[in-house]
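A.B. asks: Okay, here's the prediction I keep looking at, along with the sequence it came from:
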Amino acid sequence: MAVLEGDELEKALLAFVKSQRSVADPAAVAAATDASFAKGIGGTKADHIAEKLMSEALRDTNLSQGAKASGESAFEAWIKGTSMAATKVANGKAAPPPGEYAKGKWIRTLNQQETCYLYVHTATYQVQGTRPEDYVGDDDGGPAVDPFASFPTTNLDGLKDTISDLWKGFKSALILCDGDSGYAEARAQLEKDGAIFLDVKPFVQGVIKTKIKFADHVETARQTAVKAMKAGKTMVIDLSDVGTPDWKEKICGVEAYKKVFPSWMLSPENNRECDKHGQIFKKEDKKDGPNGEDWDEHLNKTIVDYRIVYLSSCGPGNYEKDITLPFLPLGKWSAVRIKNVSNVREISIKALVTAIDEAVHAHGKVPLVLDETENTDTFLAFQHTSVIEMKGLILKKATIGIDGVREEMRKKLVEALKNGNTLLLRLTNSAPDLLGDYATDDCFPAKAVFGCRTEEIEEEEDPTEQQATGFGGMLGGATPGYNQQGAAPGAKTKGVFEVAGKEWLEKIYRDADKEAGACVARAGFKVVVTSSYPYEEAKAKLSQGMPFGAFQVIKVTE
């Protein structure tokens, strides 16, 4: 009997994926109501659980003892029990090893409930619910590309930390806002954080336009720096849309201004302790501190929090030319952009998986999924997720204490990292202070958990042994990437979470969590937050205890 190939094989694979059945897990079935599941997903809970187990059948992970003894794969067992044509596959088509990947292609079909696509590979029988990067078909073409995906990026809520991190590395942040609206938002955030601003327009545009004498503004620059140093604040050198003056040739190096605003005033290295500052502090600046200490003793306490920042409305595509970079202090700054992503993306639940992957891997954002029904939480519960049920933990705090709650959160975080799962923070209608009450470096380092960025990956190696996760995360395999315009041939981007770095793994893993003494974090890890609040309420309440600027808000509309 001939072996199925070509179109006949593809039809058999798609039929298998679409109609696979398995015995439902009673514990999983109990996790949701029949009404909410049918409304949100379609079909029955048992059907969906069966689809979740599909990849196990294809990869022969849960064979019966009889099948193991005969060497028969689950795929072979299925086709033998279906159509005459499908039985041909069993005569020479056992599940191939992952190394056969290059010999096949991705094909797709709707799941049994016809609510979302499932993709199956014709050579490896690999199944996943997300659109593979190398899938060729009549899809919508994937996410919008970002030509600067690998550019150093931050968000409004993380701006203060980014500035401090660069300062620790002896660099001032050059913040690129990519437009007027982004500039206004960044300026407002810096004002909220207590920054003190220096407008450079009198330096760049001159006295005729600004009505401010150049020499007078050099003195203003000195006063602004002194004020920020004494207060332990950030001095923002506001380049706006006019660019920067030539600090060396027109200000710091000019004989008349050398003692008013010398070049070391723009150096992160020279502004960590009181050193030369007596040269620029005038008599009125040298008042005793609030506790009676000498001015320089007090300055040593406040200057540790002093920062210098350059703020520009330019973006990563035009800043090199429009700011006139050679005019900035050489080697004393580092550019970082504020990534602007649309406030809310509205989708149907059919597009949820793709929207989540795009938020992470194309935009470097944490998905915040808003759904006033139970549908999204039900759907995600049946993916490869490690769930932190925040409302339940808030109630348990009365009995197990805050330390007990943090430990439960840590266990779920470690579980997700070790298994390449999605860490699902299910909030329902709660608004926990995750940046405050629940955050600790050794249990739940919130800023690192929500810290996501994109980085380029030059190419993907042939996947090693993989298991479908429902979100495209593969245990021991490659992380999905998105092609970017202007990148090197074959370059892609992937989302990288700060908490998956070695530094944090060492803090949150316990000896019992390690594998052969090592902290292992597998590919596929990501963080997703869900809430039942409508958007305006979510923004008002969640932003109090979560880094709202780190989120891509996804609103499920049906």
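C.D. replies: Yep, that arrived.

A.B. asks: Would you state the predicted confidence (pLDDT) at residue 179?
C.D. replies: Model confidence at residue 179, given as pLDDT, is 80.

A.B. asks: Roughly how far does it sit from residue 165?
C.D. replies: 24 Å (C-beta to C-beta, to the nearest Å). In short, each C-beta sits where N, CA and C put it, glycine included.

A.B. asks: Residue 327 now?
C.D. replies: 25 Å.

A.B. asks: before we move on, what about residue 427?
C.D. replies: 28 Å.

A.B. asks: same thing with residue 185?
C.D. replies: Separation of residue 185 from residue 165 (C-beta to C-beta): 20 Å.

A.B. asks: Which secondary structure element of the protein has the lowest mean pLDDT?
C.D. replies: Using mean pLDDT, DSSP states H and E, the weakest-scoring helix or strand in the chain turns out to be helix 26-29, at a mean of 39.

A.B. asks: other SSEs contacting the host helix or strand of residue 503?
C.D. replies: Following DSSP states H and E, one finds residue 503 within helix 502-508. Under the contact criterion of 3 or more C-beta pairs under 8 Å, 6 or more residues apart in numbering; DSSP states H and E, helix 502-508 touches helix 390-419.

A.B. asks: how about a cut-off of 10 Å?
C.D. replies: If you count contacts as 3 or more C-beta pairs under 10 Å, 6 or more residues apart in numbering; DSSP states H and E, helix 502-508 packs onto helix 390-419, helix 446-449.

A.B. asks: Map the structural domains onto the sequence of the protein.
C.D. replies: Listed domain ranges for the chain are 6-128, 156-338, 344-556 (source: automatic domain parsing).

A.B. asks: could you redo these as CSV and give each row mean neighbour count?
C.D. replies: Formatted as CSV, the domains of the chain follow (neighbours: other C-beta atoms under 10 Å):
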stretch, mean neighbour count
domain 6-128, 17
domain 156-338, 17
domain 344-556, 19
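
A.B. asks: ranking those by mean pLDDT, which is last?
C.D. replies: For those, where the average pLDDT is lowest is domain 6-128, sitting at a mean of 55.

A.B. asks: Span of that one from start to end?
C.D. replies: 21 Å (C-alpha to C-alpha, to the nearest Å).

A.B. asks: Report the angle between the helix or strand just after the helix holding residue 503 and helix 390-419.
C.D. replies: For helix 502-508, the succeeding helix or strand toward the C-terminus, using DSSP H and E, is strand 526-531. Inter-element angle recorded for strand 526-531 and helix 390-419: 170 degrees (by axes from the mean of the first three to the mean of the last three C-alpha atoms, to 10 degrees).

A.B. asks: Which strands border strand 526-531, and is each parallel or antiparallel?
C.D. replies: For strand 526-531, the paired strands and their directions (DSSP bridges) read strand 366-370 (parallel), strand 422-426 (parallel).

A.B. asks: what about it, distance to the chain center?
C.D. replies: 11 Å (C-alpha atoms, centre = their mean, to the nearest Å).

A.B. asks: Kindly format the C-alpha coordinates of it as PDB.
C.D. replies: Only the C-alpha atoms of strand 526-531 are listed here, as PDB (Å, rounded to 0.1, in the frame of the first residue of the first chain):
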ATOM      1  CA  LYS A 526       6.500  35.600  28.900                       C
ATOM      2  CA  VAL A 527       4.200  37.600  31.100                       C
ATOM      3  CA  VAL A 528       0.500  38.300  30.500                       C
ATOM      4  CA  VAL A 529      -1.800  40.300  32.700                       C
ATOM      5  CA  THR A 530      -5.600  40.000  32.600                       C
ATOM      6  CA  SER A 531      -8.300  42.200  34.100                       C
END
